[in-house]
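K.L.:
coords below, sequence missing:
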């Protein structure tokens, strides 16, 4: 059996959300039929009503109970509004510059050709990150002798609005560079 939440037929009530006032004519399964002062019969859910205390004998227990419910609802709504929005974090674009990832038959190429291909891919990736306004870019270059890493750092230095640092060691080891792209980044 549904609870009448302290209301009974004949109680004077008013709706919480609007200025409707009237007398409860019937209560059935959590719904109350309220006859307004203008003679209209309107149906409300019981939780949408509060006692109109000025027109009926005070039932302090019911009024206190209803007041607590209204306060709980208000607190829930306030709490929902106060939830901070989650910051949208865009994961950095990752570009693997290992030659075997860029060219199928890399064994026939000379070492300087490897470097040219890798630098061209890095340059295109940086330009794309600037164009798409991506905040971060990770270039995975490997450890090796450090030639590609040094060339990448020189290339990054030719851009305005870029700064670089070693990428996350736990994820990439020593073989990657993280580039921070400012909103004003541009190519020399």
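P.N.:
In hand now; what should we look at? Remember, it's a predicted structure, so these values are computed and weren't measured experimentally.
K.L.:
how many neighbouring residues does residue 44 have?
P.N.:
21 (other CB atoms under 10 Å). All C-beta atoms are positioned from the backbone trio N, CA, C, and that covers glycine.
K.L.:
can you tell me the SS state at residue 177?
P.N.:
strand (DSSP: H, G, I helix; E, B strand; the rest coil).
K.L.:
next, the buried residues of the helix or strand containing residue 43.
P.N.:
Take DSSP states H and E as the rule and residue 43 turns out to sit in strand 41-45. For strand 41-45, a neighbour-count test (16 or more other CB atoms under 10 Å) marks residue 44 as buried.
K.L.:
go on, stretch 176-188?
P.N.:
For stretch 176-188, a neighbour-count test (16+ other CB under 10 Å) marks 176, 177, 178, 179, 181, 185 as buried.
K.L.:
partner strands of the next helix or strand after the strand holding residue 43, with direction?
P.N.:
With elements assigned by DSSP H and E, the helix or strand that comes after strand 41-45 is strand 49-51. Partners of strand 49-51 in the sheet, by DSSP bridges, are strand 12-15 (antiparallel).
K.L.:
give me the contact list for the strand it pairs with.
P.N.:
In this structure, residues lying in contact with strand 12-15 by CB atoms under 8 Å, 6 or more residues apart in numbering are 7, 20-24, 32, 34, 44, 48-52, 55-56.
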